[in-house]
Structures are given as C-alpha cells and as structure tokens.
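Novice: Got a sequence here, can you build the structure:
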Amino acid sequence: MHKYLEYFEKIVGNETKEKELKNIVSETMEKIRRHCPEEFYCAMYKVHCLAYGPHFDEALAKKAVSAMRNVDGTTGEHWSMEKTNPLAEQNGIREKADFYYTMNMLYSDFSDVLGSEASTYVKMAKAYMHDPDAPEGKVFDIWLAQMKREDK
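Specialist: Numbers count the residues shown, from 1 in each chain. Prediction:
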C-alpha cells in the first residue's frame, strides 16, 4: 500500500472522493479515541491548531462554558459572547473566544470570592490570559488537559 499522503494527493480535487475520505478519517479517529485516547487527543490538537491556532473557536468555547458548574449553584455562562466581545475589544484582547471562556471560568470558580462586578473579571481574565510565564494558548491547553482527564 502507498503512504497516506500519496493517496491524499490522488484524491484531492475529486469532490466525491474527498467526501468519502473525510468519512473514513472521521470513523477512524473515533476508533482511535476509544482505543488510543492519547493518540487521538494529540492528533485532534494538531488539527484544531491548524484551523484555529492554540485557542478556542466560538463553538468550542460555548460548549466548554455550557458544561461549567458554577460555585453559585448555576450552570453554564454568566456572561454571553455578546457581552464579553466588546469588553475584549475595549481591552485589546484579540482571542475573543478565549476571553469569553476565561471570564466565565473565573466567575464559575471564584464568584463567591470576587463577587459579580464585571470589571474585576475583565482584569483577572486579561492577566490570566497574558501570563508572561505561560505559552500562547494557555487557556485552551488547560481546558484540553481537563477534558483528557475526564475522558479517561
């Protein structure tokens, strides 16, 4: 058999074959997820980073936030993206989905200590995201590490 890339190059440009290849790869990735979760997460991280860099995209951030169990007894978002996006812009934050996630994560975990004033969370989120000791993508990488632990 040929190497995968040789097959890929032969298929590219044929819409029907590309669709079937996507189905084959998707099914295979699900099998890898069940049997080799470390390999699955490594491959999916690389694919995600190709698409979005080491950051949340809007849909994944909303999914992550919707699963939050907040210390105040609620679940999910406290602030919507419609609320956090202008705050991100006002504070020079480009990665809006990371900011949305971080604002809600901080509220979820610390609202009993920090209260409910949005400006406090904006400062905390900005500091958390721009930690000089952390690599780019800290927010996404920490969330992903938690997901990998939960998937075991």
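
Novice: Residue 45: neighbour count?
Specialist: A count of neighbours around residue 45, defined by other Cβ atoms under 10 Å, yields 16. Bear in mind the C-beta positions are built from the backbone N, C-alpha and C, glycine included.

Novice: Repeat that for residue 118.
Specialist: 14.

Novice: Show me what the helix or strand bottoming out on mean pLDDT in the chain is packed up against.
Specialist: Ranked by mean pLDDT, DSSP states H and E, the weakest helix or strand in the chain is helix 138-150, scoring a mean of 87. The helices and strands touching helix 138-150, judged by 3 or more Cβ pairs under 8 Å, 6 or more residues apart in numbering; DSSP states H and E, are helix 37-52, helix 96-114, helix 118-129.

Novice: winner for burial among those helices?
Specialist: Among the helices and strands packed on helix 138-150, helix 96-114 has the highest mean neighbour count (mean count of other Cβ atoms under 10 Å), at a mean of 21.
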